[in-house]
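Colleague: Need coordinates for the below:
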Amino acid sequence: MKQLLTLLFIISTFTTSANQLKNHSSPYLALHGNDPVNWMEWGKPALDKAKKENKLLLVSVGYFACHWCHVMQRESYSDKDIAKKLNKEYISVKVDRELNPVLDKRLIEFVQITNGTAGWPLNVFITPDGYPLVGATYLPRNHFSNVLNQLDKKWKTEQIALSKKAKEMSQTLVAMLEKQERIVEGDISQLADQYVDVAMEYADTLQGGFGQDRKFPQIPQLWALLKLNKKQKNKEADEFIHLTLQKMSQQGLHDEIAGGFYRYTIDPDWETPHFEKMLYTNALMPLLYFDAADYSNNPIYREIALETLHFLQDEMQGESNAYIASLSAVDSKNEEGGYYLWQQKELKEILTSAELNIANNYWNLDRVGELPAGNLPRQKLSLSELSKKLKLTANETSKRLKKLKLKLKLHRNKTREIPRDIKLLSGMNGLALAAFARGSEYDNSVKVSGKKLSQFLINLWDGNKLRRSSATDQQGTLYDYAAVSWGLMRWSNANNDSQAKKIGLEIAKTAWDKFYINNLWIEDPDSLLPEATNQAHLPDSAIISAEALMLEASVLTNNHKLNTNVINNLKNLTKSIEIDIFSYSSLLSISENKKATIK
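Modeller: Prediction:
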């Protein structure tokens, strides 16, 4: 009996520890901690195990606020039959893209080029040698099961051919990227004057924003257009900027009740958001709106910027005076957008008849129901139009609206719950610090929050290494170093903070030494995949590129050596920038606006 109990204990221990993600500090990884899949974290042990057992790796990438990541977790990764296949034939690796952004970028590029589209959840099968073989985004349970069966059969019968194909594909992609990284004659600033015209080719001049499909804020591109058009004074560009700023702040991208912005809208008219809220979006939006306020002398934009900072303080503040990574798209009842939507029945129970009249007139909340959980508040009337309808002064209408928003916000916070990704990431908080630095001249509470945040970031630096997260000892990537240095330097310049300046300079110096080698950026020196491509210049994504942040942080230090680095970097014009000016918006903006400063 004693031997049997010992054996059962050993089996139980093995079974429990097979999934390494239980109680992980990342909420996204912890979400998969009870899956029957034997998940491993990304790292050398996973690759070693794949080589030893001669199995393909399934590297599944996502993040906490991703709706379809949750769907695939429920449909497939919680399914015992799917888990049985994975555990028997594959080495399964689950990745939080916000903890491994460089790996995520590499795999996104692979799937984008091979499939024509990419996103999350991102599922990539990788050979034991580390070469991506095939990848996909969300797959329904039965489709995913078929893929697992077919790929397993192919691997067992065509392993040599598949390994060769994956390696050759990787080498081809690397060669393509290296060709685009070829240095050509010229200076980056020479292309800056072309940016306004190029950006306007992508502009939706009727609805605002770039493109004709889903609408992302595309803050780096819009911010660069704002900055570069100061010189050109293109009237059409000015009108487009104003239209876009209005649409983003008055329609479905903006949370009318508590402030803050969603990640994007699923339609071209800015009406229906994908309901996740990201820290990086709500850190960069205030910077855009503050500059727009100065550019157009429009105080409403400044109010939006401050409101967004107050949203961060109220809704996204985590432990240690820092800010969490995101708020989920689905609420605690698993309803997408449910936290933000309203039905007339509930509103009638909460509001007086006068308040309900204002809500319905201003936000058109009594329209036909658009989503199962209700309607999203979107501005139907301007403040002046609402005032006329209510027969009130603009000042009185504004007061009543403010009171109404607070009432709905308090009710929402009390009766509803939204899952929170509580990771405190250094890079994203560096962006937030820059926003608090900009807002500190207008609001003392923002200044107090910014000071506390600067101390949080300083504490992540040990004099040699910057941590990526407050919860682990994982070293930061180039983006973390660049964003934290940028945030500290902007904070220092705005508030004359000598400690922030000292640490910001130290981090910037270390970043140049660690990540810029032979005129190429190395985003993560610890990459485990073979044939990583190092780039002469880095494009913007949903956020400003790490390179652009690094250059601007270096300029702000007024350090001669770092300014020399910036000058030399901007002399290296590449084919990739010539081909796609729009994707390098922040770099072009900095090259134009900073070249006089650093001569």
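
Colleague: my guess is His167 contacts Gly130, does it?
Modeller: No His there; residue 167 is Lys. No: counting by C-beta atoms under 8 Å, Lys167 does not reach Gly130; the two are 9.4 Å apart. Where C-beta positions appear, they are placed from N, C-alpha and C, glycine not excepted.

Colleague: so where do the helices sit in the stretch 251-400 of the chain?
Modeller: 279-296, 299-315, 344-350, 353-363, 383-390, 394-415 (DSSP state H, counting those that start in this stretch).

Colleague: Lys451 and Pro36: what is the separation?
Modeller: Look at Lys451 and Pro36: by C-beta to C-beta, to the nearest Å, they are 47 Å apart.

Colleague: and what of Ile108?
Modeller: Distance from Ile108 to Pro36, by C-beta to C-beta: 27 Å.

Colleague: most neighbours per residue, which of the helices of the stretch 251-400 of the chain?
Modeller: A comparison of the helices of the stretch 251-400 of the chain by mean neighbour count, using mean count of other C-beta atoms under 10 Å, puts helix 279-296 on top with a mean of 22.

Colleague: For it, the averaged confidence score.
Modeller: Taken as a whole, helix 279-296 has a mean pLDDT of 97.

Colleague: returning to what we had before: with neighbour numbers in mind, choose between Ile108 and Pro36.
Modeller: For Ile108 versus Pro36, neighbours defined as other C-beta atoms under 10 Å are more numerous around Ile108 (21 against 18).

Colleague: Make sure the more buried one is actually in contact with Leu122.
Modeller: Yes: applying C-beta under 8 Å as the test, Ile108 and Leu122 come out as touching, 6.5 Å apart.

Colleague: Quick check: Ala228 touching Ile590?
Modeller: No, residue 228 isn't Ala; it's Leu. No: using C-beta under 8 Å, Leu228 is not in contact with Ile590; the gap is 10.5 Å.

Colleague: With neighbour numbers in mind, choose between those two.
Modeller: Ile590 (28 against 22).

Colleague: can you tell me which helix or strand the more buried one belongs to?
Modeller: For Ile590, the host element (DSSP states H and E) is helix 585-594.

Colleague: Please enumerate the helices of the stretch 451-599 of the chain.
Modeller: Counting by DSSP H, counting those that start in this stretch, the helices of the stretch 451-599 of the chain are 478-495, 498-515, 546-557, 560-570, 575-579, 585-594.

Colleague: Just the pLDDT at Lys575, thanks.
Modeller: Value for Lys575, per-residue pLDDT: 88.

Colleague: Run a quick neighbour tally on it.
Modeller: 14.

Colleague: cool, and Leu431?
Modeller: Leu431 has 25 nearby residues by other C-beta under 10 Å.

Colleague: That one and Ala482 touch, don't they?
Modeller: No: counting by C-beta under 8 Å, Ala482 is not a contact partner of Leu431; they are 10.1 Å apart.

Colleague: Return the set of buried residues in the helix holding Ile590.
Modeller: Neighbour-count burial for helix 585-594, counted by 16 or more other C-beta atoms under 10 Å, picks out Ser585, Ser586, Leu587, Leu588, Ser589, Ile590, Ser591, Glu592, Asn593, Lys594.

Colleague: so how far is Gln221 from the fourth one?
Modeller: Read that as Leu588. Separation of Leu588 from Gln221 (C-beta to C-beta): 10 Å.

Colleague: same deal with the second one?
Modeller: Using C-beta to C-beta, one gets 8 Å for the distance from Ser586 to Gln221.
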